[in-house]
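[1] The sequence and its predicted three-dimensional model are supplied below.
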Amino acid sequence: MLNRNSSNFQIQVVNTDVQRKAFLDFPLKVYKNDPYWVQPLRRNTIKELAHNSPFRVYGQLQQFIAVYEVSGETLGRIVAAINQRLIEKEGETIGLFGYFECVENFTVAQALLERACEWLRDQGMTRVRGPIDLSTHNNCMFLVDGFDSPPMMMMPYNPPYYPKFMEQSGWQKVKNAYAYDFLLDSSLSTKFKKGYHIACKSGITFRPINTKGEGFEQDCRSIYHLFNNSFANSWSSTPRTEEEFMVEAKSLKQLVDPDVFPIAEYNGKIIGFSMGLPDYNIALKHVNGKLDWLGILKFLWYRRQINQGRVIAITSLPQYRSKMVPLGLIYLTMQGGIKKGKPYKRSELSWVWEDNCSSRKLIESAGGKIYKTYQIYEKLL
């Protein structure tokens, strides 16, 4: 806990380069002695919050920091944001808060949350939801259970006191999400192999994602349209532009392992995919948030230690689910993971909303076990 007089701080609007640096540097204080935290790439946070970022086309945001008055020491940070696409989708003036980090002091946390709410209220918002870093395609949710292991790539992590502060501040949990753990040395139910053969007999073909040249771009554009179609009704999610999607896809291109990224096709058209990626957090943990020349060398060295992966999404067009395409994709992803020479010992499928009963049933029948729980909160303004 902070030993200083907790009233001797102020919440500042982030306007200057000095304040922006303090905002970016602050998580290093919170997680200084945490063995599990993986520092996000600094350049990614800068791009997301930049004045020329894609988000600024359809949204607005304001950064804040909490600063100790005597020394100028940073005590916390938060971003209030308005995503017009989310407002249009849900038909309600919902604001967001995200990028939240704070010392273990409730008074500071409450002041940051209240300042974000005040800004959102002034912009005409009537409800606030979070933590969501601008959209659910970025970092979102607080971890509430499963603090005994590191996060896999592109998954949130936070101190255990964050959820406690939310409850203490009167925020209401609005949705849980789960991460499932798979041990790859356990056998998969025979129904998945049967499902794969049924899909093949129905005219479905399977192949790995292309990872080179024009083939990669064509696959990614098809996956983009399929992703938007499949997840159009996903709670609190808004579609990205094709340009936004392709920028992220190209940034992940060198990380893709095609053996755990199968694609399903019918008559040459992509109708399903399973998006598995190696857990590059194992290597990123050693680069301290910077992929400069030294960071790249460290990344290349430590990536050899990667022995697990994350399955981000498994989906198919609705009309092909009766042809057992999802079962076939799960079967091929698992087979690719245990292929001779592969290093994977376990995988995570994340994240899955608590009320996504059909997906949860399928995952659990494949042997997945919930090992981490996350929450998103809401509050009326």
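    Done, it's in. This is a predicted model, so every value here is computed, not measured.
[2] Next, the contact list for residue 296, please.
    Taking Cβ atoms under 8 Å, 6 or more residues apart in numbering, we find residue 296 in contact with residue 287. Quick note: C-beta positions are derived from backbone N, CA and C, even for glycine.
[3] Quick check: residue 8 touching residue 66?
    No: Residue 8 lies out of contact with residue 66 (Cβ atoms under 8 Å); the separation is 11.0 Å.
[4] low-confidence ranges in the stretch 201-350 of the chain?
    Under the criterion pLDDT under 70, no range of the stretch 201-350 of the chain is flagged.
[5] Look up which helix or strand residue 373 falls in, please.
    strand 369-380 (DSSP states H and E).
[6] Just checking: what are the partner strands of that strand?
    When sheet partners are counted by DSSP bridges, strand 369-380 sits next to strand 127-130 (antiparallel), strand 142-145 (antiparallel), strand 172-183 (antiparallel).
[7] Settle it for me: which of residue 8 and residue 66 has more neighbours?
    Neighbour tally, residue 8 and residue 66, criterion other Cβ atoms under 10 Å: the higher count belongs to residue 66, 25 against 10.
[8] Give me the spatial nearest neighbour of the residue of the chain most remote from its centre, chain neighbours excluded.
    Computed with Cα atoms, centre = their mean, the maximum C-alpha offset from the centroid of the chain is found at residue 70, amounting to 36.6 Å. With sequence-adjacent residues excluded and distances taken as Cβ to Cβ, 6 or more residues apart in numbering, residue 70 is closest to residue 8, at 6.3 Å.
[9] Which parts of the stretch 101-250 of the chain are helices?
    Assigned by DSSP state H, counting those that start in this stretch, the stretch 101-250 of the chain shows helices spanning 106-122, 161-168, 190-201, 213-230, 242-252.
[10] will you turn those helices into a markdown table that also has distance to residue 128 and mean neighbour count?
    Output for the helices of the stretch 101-250 of the chain, formatted as a markdown table (distance: least, Cβ to Cβ, whole Å; neighbours: other Cβ atoms under 10 Å):
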| stretch | distance to residue 128 | mean neighbour count |
| --- | --- | --- |
| helix 106-122 | 5 | 19 |
| helix 161-168 | 12 | 18 |
| helix 190-201 | 42 | 17 |
| helix 213-230 | 26 | 15 |
| helix 242-252 | 24 | 14 |
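[11] Among those helices, which comes closest to residue 325?
    Of all the helices of the stretch 101-250 of the chain, helix 190-201 sits nearest to residue 325, with 5.3 Å by Cβ to Cβ.
[12] and the closest one, what other elements does it pack with?
    Contact analysis of helix 190-201 by 3 or more Cβ pairs under 8 Å, 6 or more residues apart in numbering; DSSP states H and E lists strand 204-208, helix 325-337 as its packing neighbours.
[13] Name the surrounding residues that touch it.
    Residues outside helix 190-201 that contact it (Cβ under 8 Å, 6+ apart) are 206, 264, 323-328, 330-332, 334, 365-366.
[14] can you dump the C-alpha coordinates of the strand holding residue 373 into PDB?
    Extracted in PDB, the C-alpha atoms of strand 369-380 (Å, rounded to 0.1, in the frame of the first residue of the first chain):
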ATOM      1  CA  LYS A 369     -10.500 -27.100 -18.500                       C
ATOM      2  CA  ILE A 370     -11.200 -23.500 -17.200                       C
ATOM      3  CA  TYR A 371      -8.000 -22.200 -15.600                       C
ATOM      4  CA  LYS A 372      -8.400 -18.400 -15.800                       C
ATOM      5  CA  THR A 373     -11.400 -16.200 -15.400                       C
ATOM      6  CA  TYR A 374     -11.800 -12.600 -16.500                       C
ATOM      7  CA  GLN A 375     -14.500  -9.900 -15.900                       C
ATOM      8  CA  ILE A 376     -15.800  -6.700 -17.500                       C
ATOM      9  CA  TYR A 377     -17.600  -4.200 -15.500                       C
ATOM     10  CA  GLU A 378     -20.200  -1.500 -16.000                       C
ATOM     11  CA  LYS A 379     -21.600   1.600 -14.200                       C
ATOM     12  CA  LEU A 380     -24.400   4.000 -14.900                       C
END
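[15] Show me which positions of it end up buried.
    Neighbour-count burial for strand 369-380, with 16 or more other Cβ atoms under 10 Å as criterion, is recorded at 370, 371, 372, 373, 374, 375, 376, 377, 379.
[16] Is it correct that the second one is in contact with residue 183?
    Same thing as residue 371. No: in this structure, residue 371 is not within contact of residue 183 by Cβ under 8 Å, at 10.8 Å.
[17] so how far is residue 24 from residue 269?
    43 Å (Cβ to Cβ, to the nearest Å).
[18] quick one, which of those two is more surrounded?
    Taking other Cβ under 10 Å, residue 269 and residue 24 do not tie; residue 24 has more neighbours (18 against 10).
[19] can you give me the offset of the host helix or strand of that one from its chain's centre?
    In this structure, residue 24 is located in helix 17-25 according to DSSP H and E. Relative to its parent chain, helix 17-25 has a centroid offset of 23 Å by Cα atoms, centre = their mean, to the nearest Å.
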